[in-house]
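> Provide a 3D model corresponding to the input given below.
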Amino acid sequence: MSLKEITRREFLRRSASLSLAGAAAPWAMSLASIGEAAAANASGGYKALVCVFLYGGNDYGNTLVPYDTASYNAYAAIRQALATPRDTLAATALNPTVALPDARQMALAPSMSALKPIFDQGKLGVLLNIGTLIQPTTLAQYKAASVPLPPKLFSHNDQQSVWQASSPEGATSGWGGRIGDLFLNSNATSTFTCINVSGNAVYMSGKAAVQYQLSPSGAVALNGVAKPLYGSSACSTALQSLITAQGSSNLLEAEHSTVVRRALSANSQVTTALAGLSPIATPFDPANNLASQLQMVAKLIAARSVLGTQRQVFFVSIGGFDLHDYLGTQHPGLLANVSNALASFYNATVELGVANQVTTFTASDFGRTLSSNGDGSDHGWGSHHFVMGGAVQGGRFYGQLPSVSVNGPDDVGQGRLLPTTSVDQLAATLATWMGVSASELPLVVPNIGNFSTRNLGFLG
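Below you'll find the model as predicted:
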C-alpha cells in the first residue's frame with residue numbers, strides 16, 4: 001500500500017469518528033473537530049518546538065565563517081571589505097566531534113560567542129546549506145530547469161511562506177501548525193498548542209489549529225472588557241455579553257462569538273498561570289526584544305502543568321536582516337541579539353529541567369550572496385542554521401559544507417547556495433521527534449515523499 005493511500009485511509013478513519021452532530025455544525029467548528037480527533041503519539045512526556053525566524057534573509061557568510069587558511073583566503077577574496085577579520089575568529093572557532101572533510105574549519109561570528117559553550121557541550125548543532133526545495137536538485141538540473149523549483153525564488157514574502165508552509169505567499173497553513181493539528185487533543189486546552197509571541201505567521205496556522213498570539217509581557221487583553229468601557233463597568237459587562245452571546249443562527253456571528261469566548265477564556269487561563277509561577281532566575285536582556293519573546297516562551301513552558309499541555313509549538317522572530325547595505329556595521333549586533341537570546345533560553349530550559357524536552361531552531365527567508373555588492377549582500381537561497389536543545393546531538397555539523405566560491409559547484413551565481421538539505425527534511429525530523437508517525441508525515445510536509453532521507457539524525 002502506498003504512503004499516500006495510508007494517509008488517505010488514516011484521514012478517513014479519523015473523520016469517521018466525528019459525530020453526526022459535529023458533521024452538522026458550522027464548517028469552522030467541524031474542521032476544529034477533525035483536529036481534535038487527530039492524535040499523533042504524545043507519549044514520553046512534554047515536548048516543544050521553538051522556531052526562531054530571522055526576517056529579511058540572514059547572511060550566511062558572516063554567520064558561520066570559513067576558518068582554515070585556504071578557505072578563509074578564498075572567503076576574504078570574495079567578500080573583500082565585508083570579510084570578518086580572521087584574527088577575531090579564534091575564540092569562536094568550532095571543534096566538532098565529527099571533523100569536516102578536507103581539514104575544513106568553521107567559526108561562529110565573533111558576536112555569537114554565547115553559543116560556543118552550548119556547541120561545545122553537544123547541545124547545539126549546525127545545519128549546513130539548508131533551504132527550500134521541492135525535491136533534491138543538482139546544479140545541472142537547476143540550469144536546465146528540468147525539475148520543479150520553489151516558486152518565486154529570492155522573493156522575501158514568498159520564500160518566507162515557502163520556508164514556513166511549503167507554499168508561496170497566500171498559504172493558509174504552515175508545517176508548525178500542521179504538527180499542532182495532530183496533537184490538539186493531547187492538551188487540556190487545544191488553544192495553547194500553537195503559540196506565537198511575535199505577531200502572526202503562517203508557520204503557526206494549522207488546518208484546525210489556530211495560533212494563539214500574545215506579547216512578551218503576556219496575554220493581550222480585549223479592550224473594553226479588560227477594563228471599564230468609557231469608565232463604566234456596566235458598559236464593559238454589556239459589551240462582553242453582546243460579543244459572547246450564543247445561539248445565533250447566523251454562522252459568522254456564531255463563529256465570532258465562539259472565537260471571542262475562546263480568547264477571553266485563554267486570556268484568563270494564561271494570566272492566572274503566569275501569575276502563579278516562581279520567577280525564572282536565568283537572566284534575559286530586557287533591551288533585547290528576541291530575548292524578551294523567548295523569556296515569555298520559557299514562562300509558558302514553566303506553566304505547562306497548569307495549562308495542561310503535552311505538546312506545543314512556539315514562534316518568535318527578529319527582523320532587520322535584509323542588509324543590502326550596512327552589513328558590516330549592523331549584522332554583528334543582530335547576531336549578538338540572536339546568540340544571547342538563544343543562550344539565555346537554553347539556560348532557562350536547563351533551570352526548568354526541560355532542556356531535553358525543548359528543541360529550538362533558527363530559520364530565515366533565505367541566505368544571501370557570498371559576493372559583496374559593496375556594502376552588503378543580496379538575496380540568495382541556501383543558508384546555514386542552528387538547532388539547539390538537550391535532545392540535540394550537537395557539537396557537530398549536519399549536511400554538506402559548500403565550497404567557498406562564486407559560480408562554483410554549489411551555487412547558482414554570486415555565491416547563492418543551491419540547498420543540499422531541504423526545509424522539508426528539517427520539518428520531518430522535528431515532527432518525528434514530536435511523535436508524528438511516518439504515515440502522518442505527508443500531512444505535515446506534503447513534499448516529503450520526494451526525499452529519501454527524512455530524518456537528518458540530529459535528534460536522539
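> Could you look up the SS state of residue 129?
strand (DSSP: H, G, I helix; E, B strand; the rest coil).
> wouldn't residue 443 be in contact with residue 180 here?
No. Contact criterion CB atoms under 8 Å: residue 443 and residue 180 do not qualify, at 11.4 Å. Heads up, the C-betas are built off the backbone N, CA and C, glycines and all.
> Neighbour count for the two, which is higher?
Set residue 443 next to residue 180 and count neighbours by other CB atoms under 10 Å: residue 180 wins out with 33 against 23.
> Relative to residue 204, how far out is the more buried one?
For residue 180, the distance to residue 204 equals 8 Å [CB to CB, to the nearest Å].
> Could you do residue 219 as well?
16 Å.
> These two: which has the busier surroundings?
residue 204 (28 against 20).
> any idea what sits nearest the more buried one, other than its immediate chain neighbours?
residue 211 (3.6 Å; CB to CB, 6 or more residues apart in numbering).
> So which residues of the stretch 151-300 of the chain form strands?
Using DSSP state E, counting those that start in this stretch, the strands found in the stretch 151-300 of the chain span residues 194-196, 212-213.
> Of all those, which one comes closest to residue 147?
Ranking the strands of the stretch 151-300 of the chain by distance to residue 147, with CB to CB as the measure, places strand 194-196 first at 32.4 Å.
> Describe which strands the closest one pairs with in its sheet and in which direction.
Sheet pairing of strand 194-196 (DSSP bridges) gives strand 212-213 (parallel), strand 311-318 (parallel).
> tell me the average confidence for the next helix or strand after the last one?
Next along the chain after strand 311-318, taking DSSP states H and E as the criterion, comes helix 327-352. The average pLDDT for helix 327-352 rounds to 98.
> ok, now stretch 306-322?
If you average the pLDDT values across stretch 306-322, you get 98.
> Check the offset of that stretch from the chain's centre.
Centroid separation between stretch 306-322 and its chain, computed with CA atoms, centre = their mean, to the nearest Å, is 7 Å.
> Only alpha carbons, please: show that stretch as PDB.
Taking Å, rounded to 0.1, in the frame of the first residue of the first chain, the C-alpha atoms of stretch 306-322 are listed here in PDB:
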ATOM      1  CA  VAL A 306      -1.200  24.400  35.000                       C
ATOM      2  CA  LEU A 307      -2.100  24.900  31.300                       C
ATOM      3  CA  GLY A 308      -2.400  21.100  30.800                       C
ATOM      4  CA  THR A 309      -0.100  21.000  27.800                       C
ATOM      5  CA  GLN A 310       1.800  17.900  26.500                       C
ATOM      6  CA  ARG A 311       2.900  19.200  23.000                       C
ATOM      7  CA  GLN A 312       3.500  22.800  22.000                       C
ATOM      8  CA  VAL A 313       4.900  24.700  19.000                       C
ATOM      9  CA  PHE A 314       6.200  28.300  19.600                       C
ATOM     10  CA  PHE A 315       7.200  31.000  17.200                       C
ATOM     11  CA  VAL A 316       9.400  34.100  17.900                       C
ATOM     12  CA  SER A 317      11.200  36.400  15.500                       C
ATOM     13  CA  ILE A 318      13.600  39.200  14.900                       C
ATOM     14  CA  GLY A 319      13.800  41.400  11.800                       C
ATOM     15  CA  GLY A 320      16.400  43.600  10.100                       C
ATOM     16  CA  PHE A 321      18.400  41.000   8.100                       C
ATOM     17  CA  ASP A 322      17.800  42.400   4.700                       C
END
